[in-house]
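Colleague: just to be clear, the model below is a prediction. Sequence and coordinates:
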Amino acid sequence: MTAEQRFTVTYDASVATVALAGPGGKAVMDEDFFAELAATFTAFEDDPEVRAVVLTGSGPHFSFGLDLGAAAATFAPLRSATDAGARQHLLALIRRWQGALDAVASLRKPTVAAITGWCIGGGVDLAAACDVRIASADAQFSIREAKVGIVADLGSLQRLVGIIGDGHLRELALTGDDVDAGRAAAIGLVNSVHDDAEATRTAAGELAARMAANSPLVLRGIKDVLDAERGPRVEAGLRYTAVWNSAFLLSDDLDEAMRSFVERRPPEFTGR
């Protein structure tokens, strides 16, 4: 576990609820976030008292995704390097972050994402790694990576095709558009929409409890069977995306995306 534990885990009978937080309590993901996510879900796997898990934000928002400020600092020295070691380092970094979300997806216990407020980029990756997603009426979703010069590489492109279908996935990934809770429900991104954050988290806990009441052996079996086809396909896609991004992520377009983010202006991409 990281030195500064930021997630809050509470228990209601056999249901664990994870309230996610990043640096300073912000709803963003950095290196420590991914390390803590992997450690938390590895512990759940080994805990027989936990039979289902709810994920939610610790504040009004589920997640704004990758901490772009921290990412810029990480990518800067790699961008200036000319040796293969920098690409290998980036590949290992992406695979490590993918592994953290895989710990959620591969948990042999039901997972429910209770999504409130914004769910952007890596937040969508994390939600897609869960078995079921429900949302508050104010929830907004975006596969935002195309707008910040990145090919989404933590699982959205691999997992969402089986959740919302190829056409909807391509539209959301290629535009980076925002999607409200009503549209998210219409395309199957979320199973239900609730009035507010409190109602959403209550509904998620109740849903997880109904799942947890069933045989743990059977729940594990259901997930194993459902993942028998999806798992290898997702893994192959994640590996390919990691290799692609390790080769092409560090680009002029990524630099421009980072500059425009800091300067609060639309980016001007050149394809270089």
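Modeller: Perfect, thanks for sending it.
Colleague: only C-alpha atoms for contact and neighbour calcs from this point on.
Modeller: Noted.
Colleague: let's verify the nearest residue to residue 94 once chain neighbours are set aside: helix, strand, or coil?
Modeller: Nearest residue to residue 94, sequence neighbours excluded (CA to CA, 6 or more residues apart in numbering): residue 242, at 6.0 Å. Here residue 242 is recorded as helix under DSSP: H, G, I helix; E, B strand; the rest coil.
Colleague: ok, how many other residues are close to residue 242?
Modeller: Residue 242 has 22 neighbouring residues, counting by other CA atoms under 10 Å.
Colleague: ok, now which ones touch it?
Modeller: 91, 94, 95, 153 (CA atoms under 8 Å, 6 or more residues apart in numbering).
Colleague: among the residues you listed, who's most crowded?
Modeller: The contacts of residue 242, ranked by neighbours (other CA under 10 Å): first place residue 153, 25 neighbours.
Colleague: for this protein, what helix or strand is lowest in average pLDDT?
Modeller: In the chain, no helix or strand scores lower on mean pLDDT, DSSP states H and E than helix 68-80, which sits at a mean of 78.
Colleague: my read is that residue 268 contacts residue 256, right?
Modeller: Yes. Counting by CA atoms under 8 Å, residue 256 is a contact partner of residue 268 at 6.9 Å.
Colleague: please identify which of these two sits among more neighbours.
Modeller: residue 256 (18 against 10).
Colleague: what pLDDT does the more buried one get?
Modeller: Looking at residue 256, its pLDDT is 88.
Colleague: need the contact list for residue 71.
Modeller: residue 30.
Colleague: now do the contacts for residue 60.
Modeller: 116, 117, 197.
Colleague: would you list every one of the helices in the stretch 101-250 of the chain?
Modeller: 122-128, 156-159, 161-164, 166-175, 181-186, 197-212, 216-248 (DSSP state H, counting those that start in this stretch).
Colleague: turn those into TSV, including distance to residue 139.
Modeller: Formatted as TSV, these follow (distance: least, CA to CA, whole Å):
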stretch	distance to residue 139
helix 122-128	12
helix 156-159	18
helix 161-164	17
helix 166-175	16
helix 181-186	5
helix 197-212	9
helix 216-248	26
